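Peer 1: okay, structure incoming, though there's no sequence with it:
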């Protein structure tokens, strides 16, 4: 059966527990929607915008089963551009994002704005104006050791995260982000054991003894040197440039939100904010304009109650499938996916050009997914067959190919291409 591509305005994947929405498009595209739905309801917002570097960034996409097993073949796809007509254009975009963030935050909500040393002075003044100087909380230094070293200047090994609150009594829970006490920072203290057998270290200052128990957590200051940058072979890596580590977002989210709260990211990238939110029982709303970002984030979020808003891509790959009728279900086997000529520099036979697949139904222009599969290092291959229960709607397959394109193809015989 040859499958025809059909228009689709979004997708819904129903799962138990927390979840959220991934919006495909720019902040400008979705600002009114965001205000209408979420104004005053978001507890924590993390913004990791472009830094006005004048560079283009990419996604390194593994292709097919061989690519996920060995790293070859691999494509370099455009992820996002950080080129701007001038500095004013960049700052104007960022001001709109900060103003929108302020409107979306609940009265006890918080904003974390991730910047580099070149831009943070300008943006700090801008954020002070929007949030009020009294609502500035911390200038967090995230320091790391990865990357090269310079001999022309001191190596640049930190980012800056500006922490703002909506009002002075915003929710904050430092206990949620305690870390185990390290011996390296207490080796100058005297060791002891109290009457209950609990080991501690102590120091005497001005005649008073201060005890620090080994089993008590310590709490981060405003220099975060215990969160590593993404290593080259980190299992979290998606291939998306400038992906942030999960531990960084967990600290942001756990300290300023509660289970069931709503977390937002207006520059979602690879989706780490949403992954961290869902992992810890928070709901999410994330936005990104890049097709590659949406493809990567979608893959990481398929085990949540996910809604993707934004039309699927246009294109005309040759797609073939076999459908076997069962009792109350259909077995769907995608047999061939041929990319349009000239789109890909590597040959990918069969369905090797498909990175993610879902089967479900098209209802009112929205794809409702029931079974999902995606390639990964642990599961480099796609399943031969997926079972689709017999329900209302147009039976359909949603594919995400190695170019990052989401496309929906009809399974119903009346929509056949032949």
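Peer 2: Thanks, I have the structure now. Small disclaimer: the values here were computed from a predicted structure and weren't measured.
Peer 1: okay, the residue positioned nearest the centre of the chain: pLDDT?
Peer 2: For the chain, residue 271 is the residue whose C-alpha lies nearest the centre (Cα atoms, centre = their mean; 0.9 Å). Residue 271 is assigned a pLDDT of 97 by the prediction.
Peer 1: list the residues that contact it.
Peer 2: Residue 271 is in contact with 22, 286, 293, 296-298, 300-301, counting by Cβ atoms under 8 Å, 6 or more residues apart in numbering. In short, each C-beta sits where N, CA and C put it, glycine included.
Peer 1: just those: which are in strands?
Peer 2: If you go by DSSP state E, these have 22, 286 in strands.
Peer 1: include neighbour count when you put the contacts of residue 271 into CSV, please.
Peer 2: Formatted as CSV, the contacts of residue 271 follow (neighbours: other Cβ atoms under 10 Å):
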residue, neighbour count
22, 27
286, 26
293, 25
296, 28
297, 27
298, 24
300, 19
301, 24
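Peer 1: same for the helix or strand containing residue 34, what does it pack against?
Peer 2: Assigned by DSSP states H and E, residue 34 belongs to helix 27-38. Under the contact criterion of 3 or more Cβ pairs under 8 Å, 6 or more residues apart in numbering; DSSP states H and E, helix 27-38 touches strand 19-24, helix 87-104, strand 283-288.
Peer 1: looking at the ones you listed, which one is packed in the most?
Peer 2: Of the helices and strands packed on helix 27-38, the one with the most neighbours on average (mean count of other Cβ atoms under 10 Å) is strand 283-288, at a mean of 26.
Peer 1: note down every partner strand of that strand and its orientation.
Peer 2: Here strand 283-288 has these sheet partners by DSSP bridges: strand 19-24 (parallel), strand 262-265 (parallel).
Peer 1: got the angle for the first one vs helix 27-38?
Peer 2: Just to be clear, that refers to strand 19-24. 150 degrees (axes from the mean of the first three to the mean of the last three Cα atoms, to 10 degrees).
Peer 1: contacts for strand 19-24?
Peer 2: Contact partners of strand 19-24, identified using Cβ under 8 Å, 6+ apart, comprise 29-30, 33-34, 262-263, 268, 271, 274, 277-278, 283-289, 291, 294, 297-298, 301, 304-311.
Peer 1: one more: stretch 165-174?
Peer 2: Stretch 165-174 is contacted by residues 43, 102, 105-111, 131, 134-135, 137, 219-220, 254-258 when judged by Cβ under 8 Å, 6+ apart.
Peer 1: what mean pLDDT does that stretch have?
Peer 2: Stretch 165-174 shows a mean pLDDT of 97.
Peer 1: list the buried ones in it?
Peer 2: Neighbour counts over stretch 165-174 (16 or more other Cβ atoms under 10 Å) mark 165-166, 170-171 as buried.
Peer 1: farthest pair within these?
Peer 2: Greatest spatial distance in those: 166 and 171, 9.8 Å, computed using Cβ to Cβ.
Peer 1: what about residue 60, how many neighbours?
Peer 2: Using other Cβ atoms under 10 Å, residue 60 has 15 other residues around it.
Peer 1: now the element after the lowest-mean-pLDDT helix or strand in the chain, going C-ward?
Peer 2: Lowest by mean pLDDT, DSSP states H and E among the helices and strands of the chain is strand 179-180, with a mean of 81. The element immediately downstream of strand 179-180 (helix or strand, assigned by DSSP H and E) is strand 190-193.
Peer 1: so which elements touch that next one?
Peer 2: By 3+ Cβ pairs under 8 Å, 6+ apart, strand 190-193 packs against strand 199-205.
Peer 1: what lines up beside the strand it packs on in the sheet?
Peer 2: Sheet pairing of strand 199-205 (DSSP bridges) gives strand 190-193 (antiparallel), strand 208-213 (antiparallel).
Peer 1: secondary structure class for the closest residue to residue 380 other than its chain neighbours?
Peer 2: Among residues not flanking residue 380 along the chain, residue 68 sits closest, at 3.5 Å (Cβ to Cβ, 6 or more residues apart in numbering). At residue 68 the chain is in helix, as set by DSSP: H, G, I helix; E, B strand; the rest coil.
Peer 1: I figured residue 68 hits residue 352, correct?
Peer 2: No - shown here, residue 68 and residue 352 do not form a contact pair, counting by Cβ atoms under 8 Å, at 10.3 Å.
Peer 1: the more surrounded of the two?
Peer 2: residue 352 (21 against 18).
Peer 1: residue contacts, that one?
Peer 2: By Cβ under 8 Å, 6+ apart, the residues touching residue 352 are 63-66, 337.
Peer 1: please report how far it lies from residue 132.
Peer 2: From residue 352 over to residue 132 the distance is 54 Å, taken as Cβ to Cβ, to the nearest Å.
Peer 1: likewise residue 52?
Peer 2: Using Cβ to Cβ, residue 52 is found at 25 Å from residue 132.
Peer 1: can you pull the domain assignment for the chain?
Peer 2: Domain ranges of the chain: 18-174+222-303, 183-213, 318-415, per automatic domain parsing.
Peer 1: mind checking those for the one nearest to residue 3?
Peer 2: From the domains of the chain, taking Cβ to Cβ, the stretch that ends up closest is domain 318-415, at 3.7 Å.
Peer 1: coming back round to it: more neighbours, residue 52 and residue 132?
Peer 2: Neighbours were counted for residue 52 and for residue 132 using other Cβ under 10 Å; residue 52 has more, 21 against 15.
Peer 1: using the three-state scheme, assign the more buried one.
Peer 2: Under three-state DSSP, residue 52 falls in the coil class.
Peer 1: ditto for residue 134
Peer 2: Residue 134 - assigned by three-state DSSP - is helix.
Peer 1: the spatially closest residue to it that is not a sequence neighbour is in what secondary structure piece?
Peer 2: In space, and not counting its chain neighbours, residue 134 is closest to residue 168: 6.8 Å by Cβ to Cβ, 6+ apart. Using DSSP H and E, residue 168 sits within no helix or strand.
Peer 1: residue 168 and residue 282, how far apart?
Peer 2: Applying Cβ to Cβ, the value for residue 168 to residue 282 is 23 Å.
Peer 1: now do residue 206
Peer 2: Going from residue 206 to residue 282 by Cβ to Cβ gives 44 Å.
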